[in-house]
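Chemist: Just need the structure, nothing else, for what follows:
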Amino acid sequence: MDTIILASQSKGRRELLENEGFSLIPLPADIDENIPWVNPEKEIQGLAEKKALACHAQHPEHKEKWIIAADTLVVFQGKPIGKPADIDEARAFLKSLSGKVHTVISGVAFLDRTTGRLYSDSDVSEVHFRILTEKEIEDYLETGEWQGAAGAYRIQHKGGKLVERIHGSFSNVIGLPLSKLFNIMHQAGYPAN
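Modeler: Just a heads-up that it's a prediction; the model follows:
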């Protein structure tokens, strides 16, 4: 399989792809992520596209043909929740999400650098949090997993204990909807083996 540039510094995304057997070069893209969030599903897909194109422009020294980019947003009660700025904000996020349902939206883009064709899609999952005690929240905050995580948790690690159930794609909640990605890779003609 061809080596792919991953326009992300997310360990979760990298682990998902490496577990699928992909050879990756992580090269995060530097873009402005300030979005009005009028239509989160379309906007998060647009952000993934923007990351793929920016990565292509910012790294001409790399000759790999393919770039994968993604972005993820947590939406709670109609409002986006990003990555917490500090532990106090992470605590507030987790207290808000406790016992309630939120939505995780991920956009994914796949760029063929040879033709310039860009393929993209998005996915939505519902996450139901358990009712959390203060001790459970504090114990989770001590792990440090909340840092750099949309919604202040990582479901694939200790954050999985916070979740009662999900409706939709588990990989989407991690930050990369694999089924959507594989569909657009197929459309792009990426060699499967």
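
Chemist: what kind of secondary structure is Pro84 in?
Modeler: Put simply, Pro84 is coil when judged by DSSP: H, G, I helix; E, B strand; the rest coil.

Chemist: for the spatially closest residue to it that is not a sequence neighbour, helix, strand, or coil?
Modeler: Distance criterion C-beta to C-beta, 6 or more residues apart in numbering; nearest residue to Pro84, sequence neighbours excluded, is Ala90 at 3.9 Å. (Each C-beta comes from the backbone N, C-alpha and C, glycine too.) Judged by three-state DSSP, the three-state class of Ala90 is helix.

Chemist: Show me the strands in the protein, by range?
Modeler: Using DSSP state E, the strands of the chain run over residues 4-6, 24-26, 66-76, 79-81, 101-112, 118-129, 163-167.

Chemist: With respect to the ones you listed, which exhibits the lowest mean confidence?
Modeler: When these are ranked by mean pLDDT, strand 79-81 comes last with a mean of 91.

Chemist: helices or strands up against the helix or strand bottoming out on mean pLDDT in the chain?
Modeler: Confidence across the helices and strands of the chain bottoms out at strand 79-81, with a mean of 91, counting by mean pLDDT, DSSP states H and E. Strand 79-81 sits against strand 66-76, with contacts defined as 3 or more C-beta pairs under 8 Å, 6 or more residues apart in numbering; DSSP states H and E.

Chemist: Given the strand it packs on, what are its sheet partners and their directions?
Modeler: Sheet pairing for strand 66-76, assigned by DSSP bridges, gives strand 4-6 (parallel), strand 79-81 (antiparallel), strand 101-112 (antiparallel).

Chemist: which of these is buried the deepest?
Modeler: Highest mean neighbour count of the strands paired with strand 66-76: strand 101-112, a mean of 24 (counted as mean count of other C-beta atoms under 10 Å).

Chemist: Quick check: which ranges of the chain have low pLDDT?
Modeler: By pLDDT under 70, the weakly predicted segments of the chain are 192-193.

Chemist: The same query, at a cut-off of 80, please.
Modeler: 1, 33-34, 192-193 (pLDDT under 80).

Chemist: Which other helices and strands does the longest helix anywhere in it contact?
Modeler: The single longest helix within the chain, with elements called by DSSP state H, is helix 40-58. With contacts taken as 3+ C-beta pairs under 8 Å, 6+ apart, helix 40-58 sits against strand 66-76, strand 101-112, strand 118-129.

Chemist: I'd like these as a markdown table, with distance to Lys180 appended.
Modeler: Shown next, in a markdown table, are these (distance: least, C-beta to C-beta, whole Å):
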| stretch | distance to Lys180 |
| --- | --- |
| strand 66-76 | 10 |
| strand 101-112 | 6 |
| strand 118-129 | 4 |
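
Chemist: of all those strands, which lies closest to Lys161?
Modeler: Set against Lys161 and scored by C-beta to C-beta, the helices and strands packed on helix 40-58 come closest in strand 118-129, at 10.4 Å.

Chemist: strand partners of that closest one, parallel vs antiparallel please.
Modeler: strand 101-112 (antiparallel), strand 163-167 (antiparallel).
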